[in-house]
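A.B. asks: Fold the following.
(3 chains)
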Amino acid sequence: MAETVKLFVNGQEVEVESGKNLIDAFKVIGVEIPHFCYHPALGADGNCRMCLVGIEDGRPPLVPACKTPVAEGLKVQLDTEKIKKIQHDVMELELINHPTDCPVCDQAGECTLQDYYMTYDHQASRMRVPQVLKGKKMDFGCGVIHDQERCVLCARCVRFTRLITKTGELGIVNRSDEARVTTFPGRKLDNRYALNVVDLCPVGAMTSKDFRFKQRAWFLSRSSGICHGCAKGCNIFIDHNREKGGDDRIYRFRARHNGLVNGYFICDAGRLSYHQENEGRLGTTRLAGKDCTIDEAVETARRKIENARKPLFLISPNCTLEQMIAIKGLATARKGRVSGYSDSYIMEGDGDDFLIRDDKSANRAGFAALGIDTTLEAFRLALNEADLLVNFNNDLLRSEASGTFTEKLSALTVIAVSSHDNTLTRKATVAFSVSSYSEYGGTIINQDQILQRFTAAVVKNDPVPNMIEVVRLLGGPVTDDVTITKAMQDAIPVLAGIEATAFPTAGLNLKEKETDHVTA
Amino acid sequence: MSQLDILMVVLRVAFGAFIPICFIAIGVWMERRGAGFIQDRLGPNRCNIFGFRAGGLVQNLADGVKLIFKEDMIAGHIQHKFYFVLAPVLVFFTALVSFAVIPFADTLILGGKSYIMQTVPLDIGILWFLACTGFAVYGIILAGWSSHNKYGILGGLRSAAQVIAYEIPMGLAIVSLLVVYGTVNLSEIARFQGQLLFGFIPMWGVILQPLGVVIFIVAAFAETNRTPFDFAEGESEIVAGFHIEYSSMKFGMFFLGEYVAMFVSSAIIVTLFFGGYQIPWLATETMVAYAQPIAIVLMLLLPVITYYFTNWIRKNNVSHYNRQNDPLVREANVYIKICWILAAAVELILLTLVVINPSADGVRIFVVLLQMASFLLKATIMCFVYVWVRWTLPRFRYDQLQKLGWQILLPMSLVNIFITSAVVVALS
Amino acid sequence: MTVKIKTLERQGSTFIEKLYLVEVFRGMRTTFGHFWRILLDNSKSYVRHYPEVKPEITPRWRGRHRLTTHEDGTMKCVACFMCQTNCPSHCISIEAGERVDGKSEKMPIRFEIDLLECIYCGYCVEACPMDAIRMDTGIYSVISSERSSVVKGMDELLATPGAFSEEDYKKRGL
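C.D. replies: A predicted model of the protein is given here:
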């Protein structure tokens, strides 16, 4: 832990990390200072005045907590009558022209204004004059819907476009009760991170068109996950819900803070990639294009693998390390070749310097760690020799470049183990339906050599098996947790020194020295 | 064997088999409407055939149809299916056959030949009844055990313990009775009660054995698993006890068995303590001698009874709310007509008896019919007492039940035997 | 307010009572009194001849639900899901969508109440911020021979009128 300082909160002595402002420092020890405009990623703006705190014997006696760094011996007052009066007044000001349309507002349930009203205000409105009417349901582009009446003018969204995306589409025009957030005429939001303003907005002024009216926030279960959209491995919340009579279904992804990987944000493409988890799935196990039971499929597949002279096992770069180890074990036992060829996942030039990466797969670094060959030459050679292709969720034909394989593939017997329906599963003799990344847990390594673990979020009514289970049914020798963990520790020695329970939540940076992770 | 012999056998067996079964319907009907009346309700009164409800009797028919057509299932966990199916049969059958030894009229003498009016003319009488009712509990225990269900087995166990506790006082009450009557043959017991004590009191068991009556009736309630001793079922404690796993007609058999048992034990109580078929002060021979005056009295009484009964129907068989063209009034009118037609028919028969001096056989048959009516009337009243008690008394607690059986009824019955024996010895 | 103390005499300790049999006969006398009274004149029974004679429903009675409308016929419901959230038996299922009648932004495109699951607690009525759902139809008997027809959809809920005047409804419970 970094250096600490001792100070007083409401007369009680506490020890907090130095170098932070009061809001962040107190948050760690569980003391909340209400605030609208401050956001750790956007810095202190000091426009909302909600975080004003008293400093005993201080000059000035009243300071905004977001702009005040912690200091030794500081006597902070949060619960004096004066501070409470200020909070009441700020809340009253914010609510003067607020439409209080919580019943129709998507933010209800996770709205800062609602929470603060219940915690700090709780007063009836004194307003007897008509409210100022502003623009509602304004399409800001990029799937962002803006409601000016609900806005508290914290300017988080404005600062986001200026400081983070540096596109600056948003601005606040006019003054006093006519002030409103808007875009420039004819220039809507246009960047690949625009939907982050929905997360940033403390109230319901910015809502997502994609999520609009789909679910109330309090129905959603928030599970942690990792986005598999690209090699960055951004941390996300998987918000899902099982409606009455329906199946467990994902309704949105939200950014989850991880200082090591993505900070506070994720890209729009990743945010909307939950659609792929709900749709286009290979729902059933198929034998020659027809639905069948898993036992029938296993029987056929085992026979085919046993009879094959040179089977080729193709692994998806989205597979977890555990799955890769299991598949590798099966391939070794069946004397087949393993390939992780997946150039089709790379979209050259798509990435940027913030979060988006060229490589649209989550665990390509895992191939290197486990020594799985990914070169085109080796794959082509193996494919030409092979008489059976066992494809583990690798969408080989997803980009145009892979078209060269179609001819060869049509001559081969294909067994597909896939979470999604694609050209290869339709062509496959046997197609096993397996779970996708929101339904299983595992370990992946991102492009920056950061190893992260995630757990299953969604539990379907009729769960399809994990890929490892299918490998076991097909006769794979390495399928239990103990052996897989052992194999993983062999491949990545640094893991051997870490207890499963002590695994750092932010992930493990493999580039660093091993000793850094051994906790004293 | 003459044709008459065979006819008499058939008639008696038919009586023994069908009367208890008919009384199921009457018992169930009496139970439901009795319960309703006691609780200021009306009881089932909606079921009808072409608008005729027969005072709610049609409900029984509907229930019977329902029970028969319900899905007859045996739960998958039941291992001993044979015993499971056997249990209700056992309960029903033993209840039915225990009626076989009960005399429903005095010995009929036709053409110099006498026929004992009992389904099975057995000398062992009361012992047969004890054996049969004792066996019925096996059905309940078997049901509880073979249901393979905690509530079921609890019901069975309770029933077993209860039967042990109450069979003893019951048996001892009968012992003291036998000391008085000096026979186990129920026909003879019934005939014994036709005498008069001190020349004017009917020598019924209830007069001779006041303590024995109480003990026997209490024990009989326990024996038939009726409230306040229905521990084997105990709805509020063990859901439905021994018949929890039974459905459809297998449950129906238990249900019917209970009412047959109720009727049969009413019949035995009547036979042992309330003079059986005897009409007070009218011994068989008296009636034979004075057949014509009795017929005349009946002829005079019948219109009066019918008049009041039809008035009662007219008053009660109406809708108690504003209703146009009340169909219940039409229904009542039909019933009233039927009543008068029946009364007229009986009058006609009685008239022939009075006008045409019948043969000795005819008189005998007339007397037997009167005695049968007397017996059935007494048994019905006793059945009503069963119903009446059920809707008055709540169920005992289990320890109270055992305490009552072992600590009160058992010593009491022993004391009763002692006193009875002493008196009988002193008198002889 | 002073607490009223009523001392009850403990019954069942005298010899006669302990004998039990006497008490049994006293009980039987009581029940026979009722029996005889009804037997002689069954109009004295305390029963309502339902279904011919219907009970009187008061505005406080929680009957079948309905969805209310504004005076111009548009529905009041804005699909805020408060009723569904508060429903202890999970009998309400709503699907929300864009409002098309220009009243606000949101309205239900599907609103179903499964009356087989409903326990008629009235929480939905209390939770509703728009007074859009009420249980004042006076319908107390929902019967059907098939399950699907007991799941009431939006159209039926909107079409059912209330059984009481607005004033009577507002006065309920006061």
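A.B. asks: Excluding sequence neighbours, find me the nearest residue to the residue of the stretch 251-400 of chain B found nearest chain A.
C.D. replies: When scored by CB to the nearest CB, the stretch 251-400 of chain B has residue B:251 as its residue closest to chain A, at 35.0 Å. The C-beta positions use only the backbone N, C-alpha and C, and glycine is treated the same way. Closest residue to residue B:251 apart from its sequence neighbours, by CB to CB, 6 or more residues apart in numbering or on different chains: residue B:243 at 5.6 Å.
A.B. asks: Now the one you found: phi and psi?
C.D. replies: Taking degrees, to the nearest 10, you get phi -100, psi 30 for the backbone angles of residue B:243.
A.B. asks: I'd guessed the residue of the stretch 251-400 of chain B closest to chain A sits against residue B:66; true?
C.D. replies: No - Residue B:251 sits out of contact with residue B:66 when judged by CB atoms under 8 Å, with a separation of 11.1 Å.
A.B. asks: More neighbours: these two, which one.
C.D. replies: Using other CB atoms under 10 Å in any protein chain shown as the criterion, residue B:251 and residue B:66 rank with residue B:251 on top: 18 against 11.
A.B. asks: give me every residue that touches the more buried one.
C.D. replies: Each residue near residue B:251 by CB atoms under 8 Å, 6 or more residues apart in numbering or on different chains is listed here: B:67, B:88, B:243.
A.B. asks: who's in contact with the first one?
C.D. replies: Residue B:67 is in contact with B:248, B:249, B:251, B:252, B:255, counting by CB under 8 Å, 6+ apart.
A.B. asks: does the last one sit in a helix, a strand or a coil?
C.D. replies: It stands for residue B:255. Per DSSP: H, G, I helix; E, B strand; the rest coil, the local secondary structure of residue B:255 is helix.
A.B. asks: I'd like to know how far it sits from residue B:24.
C.D. replies: For residue B:255, the distance to residue B:24 equals 9 Å [CB to CB, to the nearest Å].
A.B. asks: which residues of the chain score low on pLDDT?
C.D. replies: Using chain A. Along chain A, segments meeting pLDDT under 70 span A:1, A:400-403, A:512-520.
A.B. asks: my question was about chain C
C.D. replies: C:1, C:173-174.
A.B. asks: List, one by one, the residues from it near chain A.
C.D. replies: C:78-82, C:85, C:90, C:93, C:96-98, C:104-106, C:129-130 (CB under 8 Å from any CB of the partner chain).
A.B. asks: Please, a ChimeraX command that selects the buried ones among those residues?
C.D. replies: Restricted to buried positions by 16 or more other CB atoms under 10 Å in any protein chain shown, the ChimeraX selection for these reads:
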select /C:78,79,80,81,82,85,93,96,104,105,106,130
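A.B. asks: with the residues of chain C next to chain A in mind, which one is nearest to residue B:317?
C.D. replies: Of all the residues of chain C next to chain A, the one sitting nearest residue B:317 is residue C:90; the distance, using CB to CB, is 48.7 Å.
A.B. asks: How about that closest one, nearest residue that isn't a chain neighbour?
C.D. replies: Nearest one to residue C:90, counting by CB to CB, 6+ apart, is residue A:244 at 5.6 Å.
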